[in-house]
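In: Next input, structure requested:
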Amino acid sequence: MNKIKKFFTIDTVYAHCDVPCGLYDPRAALMAAETVKVMVKQIIDIEESEDFKNNPSNIKFSNSFVRRIMTKEQHAELVKKEIEILWSDYFKEEDLIVVPNLHEQIWKVVKLASYNKQNVDLEKAEELYKEVLNVSKMFDKVVEHRKNK
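Out: Residues are numbered from 1 along each chain as shown. Sure thing, here's the model as predicted:
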């Protein structure tokens, strides 16, 4: 009977895709936040260019402008998705011992990502990247803590 029980024992594992694959990494959110920052800079550059100022209805500029806005918005949404996956699936209650301000940090990143979807603000785009980097550092602390348990 013990052999049968051992065969049917279910181990608890955690992963971002609910399969579970066990793969978690904040780098996707970091890359998305960096993309937001780059797109904001490029949007500002287009808007400030003499060619655009002289002919703002030019289809070439409109196309470039819209594509960058779409990319900025998609990547800001990706930041939210990736950070929320880490928060809901990777981080556990016991991790708050290691990173006690986790919930506030996640909230800050998600709010900044939303702001960046709605606005073209280089300072806030840079802040988004910085705050995602802070979550990444929290992730690294938790990974290290779990290894040393």
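In: dump the residue contacts of Val98.
Out: Met138, Lys141, Val142, His145 (Cβ atoms under 8 Å, 6 or more residues apart in numbering). Bear in mind the C-beta positions are built from the backbone N, C-alpha and C, glycine included.
In: go again using 10 Å as the cut-off
Out: Phe91, Met138, Lys141, Val142, Val143, Glu144, His145, Arg146 (Cβ atoms under 10 Å, 6 or more residues apart in numbering).
In: Just the pLDDT at it, thanks.
Out: As predicted, Val98 sits at a pLDDT of 97.
In: Ile44 too?
Out: Looking at Ile44, the pLDDT reads 96.
In: Now find how far off-centre whichever strand or helix holds it is within its chain.
Out: Taking DSSP states H and E as the criterion, Ile44 maps to helix 27-48. How far helix 27-48 lies from its chain's middle: 13 Å, per Cα atoms, centre = their mean, to the nearest Å.
In: Give the buried residues for it.
Out: 28-40, 42-43, 46 (16 or more other Cβ atoms under 10 Å).
In: Point out where this protein drops to low pLDDT.
Out: Scanning the chain with the threshold set as pLDDT under 70 gives 1-21.
In: The same query, at a cut-off of 80, please.
Out: Counting by pLDDT under 80, the chain has low-confidence residues at 1-22, 56.
In: neighbours around Ile59, how many?
Out: When neighbours are counted by other Cβ atoms under 10 Å, Ile59 registers 8.
In: So which of the contacts of Val98 are in helices?
Out: Met138, Lys141, Val142, Val143, Glu144, His145, Arg146 (DSSP state H).
In: right, and the helix or strand after the helix holding Ile44?
Out: Following helix 27-48 in sequence, per DSSP H and E, is helix 50-54.
In: Identify the residues contacting that following helix?
Out: Asp45, Ile46, Glu47, Asn58, Lys60, Phe61, Ser62, Ser64, Phe65.
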